[in-house]
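[1] Sequence and predicted structure below; questions after.
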Amino acid sequence: MRILIVDDEPNIRRTLRVALEALGHEVAEASTGVEALRSIERQPADVALVDLRLGLDSGLDLLGPLLDRLPRLAIVVITAHASVDTAVEAMRRGAFDYLPKPFTPAQVRAVLERVIQVRGLRDRVADLEARVRAEVPEAELSGRDPAIKAILELARKVAPSPAAVLIRGESGTGKGVLARAIHAWGKHPEGPFVTVSCPSLNAELLESELFGHVKGAFTGAIRDAPGKVAAAEGGTLFLDEIGDLPTTLQPKLLRFLQERKYERVGETTTRAADVRLIAATNRDLESAVAEGRFREDLLYRLNVVEVMLPPLRERSDLIELACHLLNFFERQTGRKLLGFTTEAKTAMTRYPWPGNLRELRNSVERAAILAEGPEIGLGDLPDRIGANLSATGTSPLEIGGPYTIEQIELEHIRRVLVKTPNLDASAKTLGIDPSTLFRKRKKYGI
């Protein structure tokens, strides 16, 4: 690696140079902050070893300008005046590690090995993300529908700001994809994008997952865990299905939103975080507030900028999206597919798509695999889509017919989902708990 030593003592620079060059690294030197900035402008560095005291200046003040110029630069602060406070402050400002004087060549080698390991992991993650982008079609953010174009314009405007964003929409409308796009269009796209699924855990485990815990905080806490907030430092924390956040955890999230401070489970140390927050929900949060299931002040904090994604049945570019997906699966399967027949297109436009884009993607993938000819016909699509071509415009399934209980339940849930404004209303109509509806939709893929 190329390593920049920033220290006002010539003997320290000389000693470090000898040790680093013996390890095979290329070394540059600077005695002041100004020289350091000039050095990386001439030739970028991979690592900077920065002394905490540079004459009358503070090495901590140099961290920001260095990282502004080289966001991937790993900065190791070195000092003879080590303390917990300075270590915490150095990390808060973006330092990779902290090395107190006097240090040995072995300690320097260990720090640099960690830098190499972390850089390798980041490169692997970036490579995997690039592969995912190439292999997963994000049709949600394409198309000529005017409402989608307006949403994307709003998202691009809000992306560079640190404001909280609340994305609303039915399940499968692309809320997670839009959240990632806002992150990518923001000021720190190279930062982490961390997702927390709010319905996935109970209140205690979700708090630990979100804010972290210390060893011994509860049964099974055998080691410290930093939590998702710490993992999202310098990037975006995406809270998926925020409407399912336990009420006991809502005050702690509110405080984090207000102050950007939190404590890990089992400790009293207050920590600060530089995290951009995006939340998503398919719930009617105003109704949840009225029923006492969601804090009104938390809703206001989350809802600085609201983005409402329309369901697929309300979009004017459904066939265009289907063709976009078909082109992708054509490449993936290696088949030559010319498009959809007129009958298939008619059935798709009449179908209500309660599973939205997720259901469309699965249906097109199935058709691309099963189609016998070059065109996707009505018979290649799931039966529920073709059923909508009946004269009534709804499925011909009738009570008392040759159908299983599961088929009847699936069709009834599908119709209720189409006719009700949100999942809470659907669950109320069906006479079941929203969590039960969530499990049934997952079971049936709707």
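    Happy to help now that I have it. Numbering: from 1, shown residues only.

[2] Assign a three-state SS to Arg114, would you?
    What DSSP: H, G, I helix; E, B strand; the rest coil gives for Arg114 is helix.

[3] Surely it touches Asp97?
    Yes: in terms of C-beta atoms under 8 Å, Arg114 counts as a neighbour of Asp97; the distance is 6.8 Å. Any C-beta I mention is one placed from the backbone N, CA and C, and that applies to glycine too.

[4] Would you verify that Ala279 is located in a strand?
    Yes: using three-state DSSP, the assignment for Ala279 is a strand.

[5] what's the burial count for it?
    29 (other C-beta atoms under 10 Å).

[6] Excluding chain neighbours, what is closest to Ile12?
    Asp51 (7.3 Å; C-beta to C-beta, 6 or more residues apart in numbering).

[7] and the one you found, what are its phi and psi?
    Taking degrees, to the nearest 10, you get phi -70, psi 140 for the backbone angles of Asp51.

[8] Please apply the same query to Val194.
    Torsion angles, degrees, to the nearest 10, at Val194: phi -120, psi 130.

[9] Over to Thr346?
    phi -60, psi -50.

[10] Where do the helices of the stretch 151-300 of the chain begin and end?
    In the stretch 151-300 of the chain, the helices defined using DSSP state H, counting those that start in this stretch lie at 175-185, 203-211, 227-231, 250-259, 285-290, 296-302.

[11] what does the third one contact?
    Where contact means C-beta atoms under 8 Å, 6 or more residues apart in numbering, the residues beyond helix 227-231 that reach it are 192, 194, 196, 208-213, 237, 256, 262, 264, 271, 273, 275.

[12] go on, stretch 327-339?
    Contacts for stretch 327-339 (C-beta under 8 Å, 6+ apart): 135, 137, 323, 326, 364-365, 368-369, 371, 374-376.

[13] 7 Å instead?
    Stretch 327-339 is contacted by residues 137, 323, 326, 364-365, 368-369, 371, 374-376 when judged by C-beta atoms under 7 Å, 6 or more residues apart in numbering.

[14] tell me the mean pLDDT for the helix or strand harbouring Ala322?
    Element membership for Ala322 (DSSP states H and E) is helix 318-333. What helix 318-333 shows for mean pLDDT is 88.

[15] ok, then the element right after it?
    By DSSP H and E, the next helix or strand past helix 318-333 is strand 339-340.

[16] Enumerate the sheet neighbours of that next one, specifying parallel or antiparallel for every one.
    strand 375-376 (parallel) (DSSP bridges).

[17] contacting residues around the strand it pairs with?
    In contact with strand 375-376 (C-beta under 7 Å, 6+ apart) are residues 326, 337-341, 344, 367.

[18] from those, which single one is nearest Ala203?
    When the contacts of strand 375-376 are ranked by distance to Ala203 (C-beta to C-beta), Ala367 comes first, at 42.3 Å.
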